[in-house]
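> 3D model of this:
(chains A and B)
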Amino acid sequence: MSQRPPEDEIAKARRAAERARLGAHRGLATWGERLVPLHDFRRAAAGHGRALAEDERRCEVHGFLAAHGDATPVEGPYSRIAVFGGVYNNSFGLEALLADAARRGAEAVYCLGDFGGFGPHPDRVWPLLEAGGVRSIQGNYEQSLAAGAEDCNCGYADPRDNHFAAISYGYTERRCSPAFKSYMGTLPSRRRIRVGERELLLVHGSPRRVNEFLFASTSSAAFLEVLCDRSGADAVLCTHTGLHWHRRLPSGRDVVNVGVLGRPANDGRTEVRYALLSARDGELGVELVPLAYDHHALARDMRAEGLPEEFVETILTGWWTTCLEILPAKERAASRF
Amino acid sequence: MSPAPAAETVPTQTAATESAATETAAAGAPRVELRSLDTLWFQVAGTVCNLACTHCFISCSPTNHTHEFLSLATVRSYLDEAVELGVKEYYFTGGEPFLNPEMEAILAATLAAGPATVLTNGLLLDRERCARLAALAAGSDYSLDLRISLDGYSPAANDPIRGEGTFERILGGALNAASAGLDPVLTVTEVHRENAGDEGRGRFIELLRERGIERPRLKVLPVFHLGAEAERSGAYESWQRLREGDDGGAGWDHLQCSSCRMVTDQGVWVCPILVNEPAGRMGERLADTLGGFPLAHSACWTCHVHGVSCRT
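Residues are numbered from 1 along each chain as shown, chains lettered A, B, ... in the order given. Predicted coordinates:
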């Protein structure tokens, strides 16, 4: 014979238990996994931590925001330079960039790293960098390839993003010559450049981390001001996210994400982007330049190399199909997928 | 007043002993320094919630006033300090943030200063609120991200944890948010083993697509054996603590406490996890809390071992 009580008795008991649970905190506080009288918790909490005087607080903040020493030599001065990032094996894009930058009067061309990934034939990139006299810094790709690391250290958090990142890195790692990898290991991780009266800090992700994502919609102006303060720079140039943007800060300084050459900017256009920086009446002129290139030839070579059709679709449509999970709400909302 | 059946009330003397024990543990623990203040959290609804989930590491419930609501004025005063310190992004949690009657005004003030993420249970995300939130998001240069918590693929898996009938109500809120263009991130804890791993993730993504959410976003978090969760699945073992050298020489910068602080109505705390530990309180204002913190708590062990970031 079943001893189970009738269903409504079970429901009644469950509701009573629920009421007891929900009422459990009246007059009490949670301290770890125990309940204690509320005033005991508050008194104990108030006894922890510091309460500095106003002048001590100013002193703490001042020390916290102090510039970090940086012995990077300053290159230049120039009156106009081109800066790009994220070649992602797109030799067609790199060729177009070198021609476009020369046509627009760039005196020097800088690359913010990530030669490889996504596209085909990594070894076609190096001769173009050499021929164009491109001065580069390391991205996470150069660091990983030079060190023989197992992954790209792109910094993605979602398994769907990491799946495609692993395909890109595996292909590049296998097809990249040892000599090119060694060259990557010789590159600096940052550069400083003078353009007119402005000193620019060139980094891959951010001045703090090679794989930090600086998206426009998740980088507060206050944060960018402090990045400039701590770097002792009038402008910070970065890449890594694949999306270009420029912010003129209230202090008059600039932060520029120069975008990438290897993948269109998730805006339905097949062009890629790079930055032109010019001395302009004591200020920094910033232009984010759309660059057309033979994207059909790139797509053809990607297919011939057996790279994922999702990558090819992005090249042909201008919309990202992979590595979308890292995007913040605003950038994701502007995305097709 | 009747205390919870499973929880025991600790008299004052034991609380003092506990405090002394914490100090002793802190003395031998490794220290994490604050490298930069990137992420500022607000315990905007205190510990008050319209649910009483059985895995809540701070035991939030309708009657838990351990921490109270934050007012708009209080949030504003910390925003002023945060701007000076270069905070990159702001996070709001509780309790249930949308119980706070000033929540939308608080978001408007925040979105003028930087990006905001709200951790919500989704129950109060009706269409009208989602439309207002979408308008707030559209009016800012910065992102407004919503994170909605769900704990299983079905009412049978979710409701015993989060409360009866919540599965459908949560998904309803998520759909309202998605329909308003807010692209919410569903946050799932590993309270059920099958929630983790590629297959578990795949099932959640599929569920969200079936419900008409076209761009399903997902974040999986481990559980912290604190608060209600300690009652549900057991507390930490004594060996689950960090010791000097556990970082393998790499430092502690991978922990979120190297770049975050948490504001509650009772001051500034080291991180979002330790707000129910008095020793987690670091000061009155942000400027008081720019120093290091001893990684003396078992929750610190979880963050290190599981590589947890509370960020989206």
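
> what about residue A:269, neighbour count?
14 (other C-beta atoms under 10 Å in any protein chain shown). Placement of C-beta: from N, CA and C, glycine included.

> ugh, wrong one, I meant residue B:203
What residue B:203 shows, counting by other C-beta under 10 Å, is a neighbour count of 15.

> Would it be right to say that residue B:273 lies in a strand?
No - counting by DSSP: H, G, I helix; E, B strand; the rest coil, residue B:273 is located in no strand; its state is coil.

> Tell me the residue of chain A that sits nearest chain B?
residue A:226 (2.6 Å; C-beta to the nearest C-beta).

> who in the stretch 101-250 of chain A is up against chain B?
Proximity of the stretch 101-250 of chain A to chain B is confined to A:157-159, A:208, A:215-223, A:225-227, A:229-230 under the rule C-beta under 8 Å from any C-beta of the partner chain.

> Just the buried subset of those residues, written out for PyMOL, thanks.
In PyMOL syntax, the buried subset of these is picked out as below (16 or more other C-beta atoms under 10 Å in any protein chain shown):
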select buried, chain A and resi 158+208+215+216+217+218+219+220+221+222+223+225+226+227+229+230
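
> Show me which residues of the stretch 151-300 of chain B sit near chain A.
B:181-183, B:198, B:201, B:215, B:217-219, B:226-227, B:230-231, B:235, B:266-268, B:276-285, B:287-291.

> Please indicate which of these are buried?
By 16+ other C-beta under 10 Å, these give B:182-183, B:201, B:215, B:217-219, B:226-227, B:230-231, B:266-268, B:276-285, B:287-290 as buried.

> Quick one: the strands in chain B, in order.
Using DSSP state E, the strands of chain B run over residues B:31-32, B:39-43, B:89-93, B:116-120, B:144-149, B:185-189, B:217-221, B:260-264, B:267-269, B:281-283, B:293-294.

> so how many other residues sit close to the closest residue to residue B:280 other than its chain neighbours?
Distances taken as C-beta to C-beta, 6 or more residues apart in numbering or on different chains put residue B:274 closest to residue B:280, at 3.1 Å, once the chain neighbours are dropped. Residue B:274 has 25 neighbouring residues, counting by other C-beta under 10 Å.

> Can you give me the pLDDT of the closest residue to chain A within the stretch 1-150 of chain B?
Of all residues in the stretch 1-150 of chain B, the one sitting closest to chain A is residue B:86 (2.6 Å; C-beta to the nearest C-beta). pLDDT for residue B:86: 97.

> give me the number of residues near it?
Residue B:86 has 23 neighbours, counted by other C-beta under 10 Å.

> Find me the pLDDT at the nearest residue to it once chain neighbours are set aside, would you?
Using C-beta to C-beta, 6+ apart and skipping residues adjacent in sequence, the residue nearest residue B:86 is residue A:226, 2.6 Å away. At residue A:226, the model reports a pLDDT of 96.

> and what of residue B:226?
80.

> Verify the stated contact: it with residue A:33.
Yes - with contact defined as C-beta atoms under 8 Å, residue B:226 reaches residue A:33; the gap is 6.1 Å.

> Overlap of the contact sets of these two?
residue B:235 (C-beta atoms under 8 Å, 6 or more residues apart in numbering or on different chains).
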